[in-house]
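Peer 1: sequence below, structure please.
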Amino acid sequence: MSICAKCGACATVCPVFHVSGKESHTARGKLHLLETFGLEKSSSAFIDIFSACLLCGACSDICSRQIAISKELIAARSSFSSLTGPHAYEKYLARKLLDSPERLTGLRLLAKTCGKVLGDKLPLGSGLRLRLALFQGDVLSINGEDHNRETVFDGTPLAWFPGCSTRYLFPDILSSCKSLLADSSFSLQFPESLACCGLADWAAGDLEGARDNARTNIEAMEETEGPILVTCASCFAHLKKYPAVFEGDTHWQPRAEEMALRVVEMSAFLENHDVKNRRQGTECTQKLRVFYHDPCHLRHGSETMDKSRQQLEKTGRIEVCELPDGPRCCGQGGLFHVAHPEISASIRDQLVHDVLALNPDVVTSTCSGCLMQWQQGLAAAGSKVKVLHLAQLLTQEGRE
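Peer 2: Alright, predicted model coming up:
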């Protein structure tokens, strides 16, 4: 059982509590429920409370007792049925889609067709219109003619883990990464049979589903050499946790540890290897105002938080604008926004309001989920501020 001091520090940093005001939504409240009632008599209300967590990690960071709160909550969720809790069927279907490249491809083609047919007929603020717009680019074909397993450039091997969102929603990120690495000594490699990183399953408490995805990715990456470049902050954080996914497994844990040692987040890779932008350091009279959104998975439990800002500042063409109270969660939280859309939107809209007051030209991040949340939030606010992945922005600023 936990050793929670009941100090309430977790409440001061919890995005969900700041919106709902419910003690049960704090880490302290959830741990108290576990200590008092356990999991044997869990009700629908109990399950609802335990689903109301973004797993952002802020509470663990501030906890004086260093309780691994996310680990406790995931263990609790693993005891619940996957078809219970708020919007359970939607979350279940979303996870099953992420577990199957074939299903994702089919969904994407259907959504792209619907977007073309219905896009202009839907109201500008329609949630369906905003979601269909995400599917209008071309699919990234890992095994296709343009993006096969052969190296893109001659040089030191560099494996690449694109993540589901890059493959199916943001394929331009690949082109941007290739452009950034064009003048470097690295050669991108694309494993043939990658799966979802497994974070969605893990966060939902489907531990075996998460392990199935992890096994597929470990085996695929064992066929490659060099560092493993990850362009999504959430994927990066979960790939780094693969050893914990296989805790106690004498066969898979050592293999997971070897892979985790190779995993590197994109902005840290660019900074550590001094990969230069073509126009890096070129000053201009009017700088682009950019708000960099810190993904929670980098802000809590990672040492790469400042690398993205360093990359932006090195361009000499960008002014990074900051919130006076520091970085905040956007409220996306993987499938949290499906289970608790109202809370997610409230967290998002408060952040969007405060960021728009900074008058940015662009919002950038390295988390695919955060990018989608920002796209929908800015569109809902009627703003035309652009949303770009860091790789896209650096490439754009590097073009002659």
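Peer 1: output the contacting helices and strands for the helix or strand hosting A76.
Peer 2: In the assignment (DSSP states H and E), A76 maps to helix 69-77. Contact analysis of helix 69-77 by 3 or more CB pairs under 8 Å, 6 or more residues apart in numbering; DSSP states H and E lists helix 27-37, helix 44-51, helix 58-62, helix 199-204 as its packing neighbours. To be clear about C-beta, it is placed using only N, CA and C from the backbone, and glycine gets the same treatment.
Peer 1: of those, which stretch is the most buried?
Peer 2: Each of the helices and strands packed on helix 69-77 was given a mean neighbour count from mean count of other CB atoms under 10 Å, and the largest, a mean of 25, is that of helix 199-204.
Peer 1: chain center to whichever helix or strand comes after that helix, what's the gap?
Peer 2: Under the assignment DSSP H and E, the closest C-terminal helix or strand after helix 199-204 is helix 207-221. Centroid separation for helix 207-221 versus its chain: 18 Å, with CA atoms, centre = their mean, to the nearest Å.
Peer 1: does C196 really touch C164, like I thought?
Peer 2: Yes - using CB atoms under 8 Å, C196 and C164 qualify as a contacting pair, with a distance of 5.2 Å.
Peer 1: neighbour count winner among the two?
Peer 2: For C196 against C164, the residue with the higher neighbour count under other CB atoms under 10 Å is C196, and the figures read 27 against 21.
Peer 1: how close does that one get to V320?
Peer 2: Remark: distance between C196 and V320 (CB to CB, to the nearest Å) = 32 Å.
Peer 1: ok, now G333?
Peer 2: 25 Å.
Peer 1: these two - which one has more neighbours?
Peer 2: When neighbours are counted by other CB under 10 Å, G333 and V320 differ, and G333 comes out ahead with 27 against 17.
Peer 1: which of the helices or strands spans the more buried one?
Peer 2: Taking DSSP H and E as the definition, G333 sits outside all helices and strands.
Peer 1: if I pick it, what's in contact with it?
Peer 2: 54-56, 344, 369 (CB atoms under 8 Å, 6 or more residues apart in numbering).
Peer 1: can you put these in TSV and add secondary structure, pLDDT and distance to S185?
Peer 2: As requested, the contacts of G333 are arranged in TSV below (DSSP: H, G, I helix; E, B strand; the rest coil; pLDDT from 0 to 100; distance: CB to CB, whole Å):
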residue	secondary structure	pLDDT	distance to S185
L54	coil	94	39
L55	coil	94	37
C56	coil	92	36
S344	helix	95	42
G369	helix	91	32
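Peer 1: what about P171, how many residues nearby?
Peer 2: A count of neighbours around P171, defined by other CB under 10 Å, yields 17.
Peer 1: quick check, pLDDT for it.
Peer 2: The predicted local distance difference test score for P171 is 79.
Peer 1: look up how far L31 lies from it.
Peer 2: 42 Å.
Peer 1: and what of E72?
Peer 2: E72 sits 7 Å away from L31, taking CB to CB as the criterion.
Peer 1: show me the shaky parts of the stretch 151-300 of the chain.
Peer 2: Counting by pLDDT under 70, the ranges of the stretch 151-300 of the chain that qualify are 151-154, 276-285.
Peer 1: and the residue nearest to H300 when sequence neighbours are not counted, how many neighbours?
Peer 2: Setting aside the residues directly before and after it, H300 is nearest to G57 in space (CB to CB, 6 or more residues apart in numbering), at 3.2 Å. Residue neighbour count, defined by other CB under 10 Å, stands at 21 for G57.
Peer 1: hang on, isn't G57 packed against H297?
Peer 2: Yes - contact between G57 and H297 holds when scored by CB under 8 Å: they sit 7.4 Å apart.
Peer 1: okay, helices next: where are they in the stretch 251-400 of the chain?
Peer 2: Defined through DSSP state H, counting those that start in this stretch, the helices belonging to the stretch 251-400 of the chain, from first to last, are 252-262, 266-272, 296-299, 307-314, 336-339, 341-356, 368-380, 390-398.
Peer 1: quick one: closest of the ones you listed to A220.
Peer 2: Each of the helices of the stretch 251-400 of the chain was checked against A220 via CB to CB, and the shortest separation belongs to helix 252-262, namely 9.8 Å.
Peer 1: can you name every helix or strand that the closest one contacts?
Peer 2: Contacting helix 252-262 under the criterion 3+ CB pairs under 8 Å, 6+ apart are the following elements: helix 207-221, helix 233-240, helix 242-245.
Peer 1: give me the angle between it and helix 207-221.
Peer 2: Angle of helix 252-262 versus helix 207-221, following axes from the mean of the first three to the mean of the last three CA atoms, to 10 degrees, is 60 degrees.
Peer 1: next one: stretch 267-277 to chain centre, how far?
Peer 2: The chain centroid and the centroid of stretch 267-277 are separated by 20 Å, computed with CA atoms, centre = their mean.
Peer 1: same check on stretch 373-382?
Peer 2: Its chain's C-alpha centre lies 17 Å from the corresponding centre of stretch 373-382 when counted by CA atoms, centre = their mean.
Peer 1: and for L194, the neighbour number?
Peer 2: The number of residues packed near L194 is 22, by other CB under 10 Å.
Peer 1: wouldn't it be in contact with N217 here?
Peer 2: Yes - counting by CB under 8 Å, L194 touches N217, with 5.8 Å between them.
Peer 1: what sits in contact with each of these two?
Peer 2: With contacts taken as CB under 8 Å, 6+ apart, L194 and N217 have F161 as neighbours in common.
Peer 1: give the buried residues for the helix or strand hosting I173.
Peer 2: Under the criterion of DSSP H and E, I173 resides in helix 172-181. If you call a residue buried by 16 or more other CB atoms under 10 Å, then helix 172-181 has these buried ones: 172-174, 176-181.
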